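Peer 1: what follows is a predicted structure for the sequence shown.
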Amino acid sequence: MTDETVPKPETLAVQALGWEDRETGAVVPPVHLSTTFARDAETYETPDGRTYIRAEGWSQEHAEAVIQALEGGGAAMVFGSGIAACTAPLHGLKQGDRVAMSRAIYHGILRFAEVFLADWGIGVDYFDSGDLEGLARAVRPGETRIVWVETPANPTWAVTDIAAAAEIAHKAGAMLAVDSTAATPVLTRPLELGADLVCHSATKFLNGHSDVIAGAVVTKEDDEFWQRMQMHRRVAGPLLGSFEAYLLVRGMRTLFLRVRRQSENALTVARFLEAHPGVERVHYPGLESDPGHEAASRQMRGGFGGMLSFLVPGGRDEAIRTVKRARVFKRATSLGGVESLIEHRKTSENELTSTPENLIRVSVGVEDVDDLIDDFETMLSGR
């Protein structure tokens, strides 16, 4: 590899951008816990321009650099949670702006929009996930500032054609923001498809070990809107902690290994569930029968992710009974960790969602897939 060669994303992730300590030769990045930085007596300046942790910190900046490189963006910011990151673009809006937002998204975003945006004088126009005609109707040229999509969308894993959505948004003078938590930069790089912002609940696949709460936003351009978002983080303070930033970088070093294994396992599980007589329907974009399969095949490379959901006959009660019979899967919310999780999804959401009462959400981990399928045999047989 020559000095001019740009390493592939897998290498950048594993080596944390090739970091080495100049003094000791250490290959593991440190964690800088200091919240403040001393000024020089003569110039009254600080090393590297840092003054206080809420504005910038070494560990945070290193995590941002890794995520920026993986997404191919112009700049990145990390936040103290996924919801803080995903609502950061909405904090950049001004009174009179509008947002076009898909309905099948993480329920916390819906709650934020319903509780706060109207009071701030910001309008919201909804459309169904994956419905490009509905998106075109929801966008108001000259008024809509952001088009917000999540793809694949939690918890039905509906797929939105990012390139087509970007074209609609840009034609109306709006930005396209994509929550790509489920896809990760391993499978999809939305900025390359025309998106302007990419958001992640880094708690999930980017960290991958269910021990960090974090969020990230990546922008295509470091423009005026991005600067406004940076100001929001500086004055409101939803910054990621230094130790959490260190753990996030550590998690991303195995990102490609984990996501590819999870995608393989999820496709095997989805095909098993699709053929099982005790299952009404399976939502997984990797299945040829899924409505989003064609779009997913165009914009997801190397797999379709580790998330799926399925419907069981018998409504809410039977769905909960099914989940109760799990032995290998952990009955827990969240997603993206190395361990497989299962839950009755509607129980974890709010009244704003239209999630079916008989939907079971599954986060597929990296275990032996035969153990996962055996567990489903137990859950669905009623044993």
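Peer 2: Great, that's in hand.
Peer 1: which stretches of the stretch 51-200 of the chain have low pLDDT?
Peer 2: Residues of the stretch 51-200 of the chain meeting the criterion pLDDT under 70: none.
Peer 1: for it, what spans make up the strands?
Peer 2: With DSSP state E, counting those that start in this stretch as the definition, the stretch 51-200 of the chain shows strands at residue ranges 75-79, 98-102, 123-127, 144-150, 175-179, 197-200.
Peer 1: list the residues that contact the nearest residue to Y106 once chain neighbours are set aside.
Peer 2: When the adjacent residues along the chain are set aside, Y106 lies closest to N154, with 5.1 Å between them (C-beta to C-beta, 6 or more residues apart in numbering). C-betas here are computed from N, CA, C, even on glycine. With contacts defined as C-beta atoms under 8 Å, 6 or more residues apart in numbering, the neighbours of N154 are 104-106, 181-182, 307, 361.
Peer 1: got the contact list for the longest helix along the chain?
Peer 2: With residue count as the measure and DSSP state H as the assignment, the chain has helix 255-275 as its longest helix. Counting by C-beta under 8 Å, 6+ apart, helix 255-275 makes contact with 9-10, 13-14, 70, 184-187, 205-206, 208, 279, 282, 284, 286-287, 289, 302-308, 310, 338, 362, 364-367, 369, 372-373, 376, all of which sit outside it.
Peer 1: centre of the chain to it, how far?
Peer 2: Its chain's C-alpha centre lies 18 Å from the corresponding centre of helix 255-275 when counted by C-alpha atoms, centre = their mean, to the nearest Å.
Peer 1: that one: what's the following helix or strand?
Peer 2: Proceeding N to C from helix 255-275, the next assigned helix or strand is strand 281-283, under DSSP states H and E.
Peer 1: by contact count, what packs against that following strand?
Peer 2: Using 3 or more C-beta pairs under 8 Å, 6 or more residues apart in numbering; DSSP states H and E, the elements in contact with strand 281-283 are helix 255-275, strand 307-311.
Peer 1: mind listing what the last one pairs with, with the direction of each?
Peer 2: Pointing back at strand 307-311 there. Strand 307-311 has its sheet partners listed here by DSSP bridges as strand 281-283 (antiparallel), strand 359-363 (antiparallel).
Peer 1: mind listing the helices for the stretch 51-200 of the chain?
Peer 2: 58-71, 82-91, 107-112, 132-138, 162-171, 184-187 (DSSP state H, counting those that start in this stretch).
Peer 1: which one of these is the most hemmed in?
Peer 2: Mean neighbour count, computed with mean count of other C-beta atoms under 10 Å, is highest for helix 184-187 among the helices of the stretch 51-200 of the chain, reaching a mean of 26.
Peer 1: quick revisit: make CSV out of the helices of the stretch 51-200 of the chain and add distance to T347.
Peer 2: Listed next are the helices of the stretch 51-200 of the chain as CSV, based on distance: least, C-beta to C-beta, whole Å:
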stretch, distance to T347
helix 58-71, 32
helix 82-91, 19
helix 107-112, 12
helix 132-138, 28
helix 162-171, 31
helix 184-187, 26
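Peer 1: nearest to L248, out of those?
Peer 2: The stretch from the helices of the stretch 51-200 of the chain with the least distance to L248 (C-beta to C-beta) is helix 58-71; that distance is 5.0 Å.
Peer 1: that closest one packs against which elements?
Peer 2: Judged by 3+ C-beta pairs under 8 Å, 6+ apart, helix 58-71 is in contact with helix 9-14, strand 75-79, helix 184-187, strand 215-219, helix 242-252.
Peer 1: among those, which is the most enclosed?
Peer 2: For the helices and strands packed on helix 58-71, the stretch with the most neighbours on average is strand 215-219, a mean of 28; neighbours defined as mean count of other C-beta under 10 Å.
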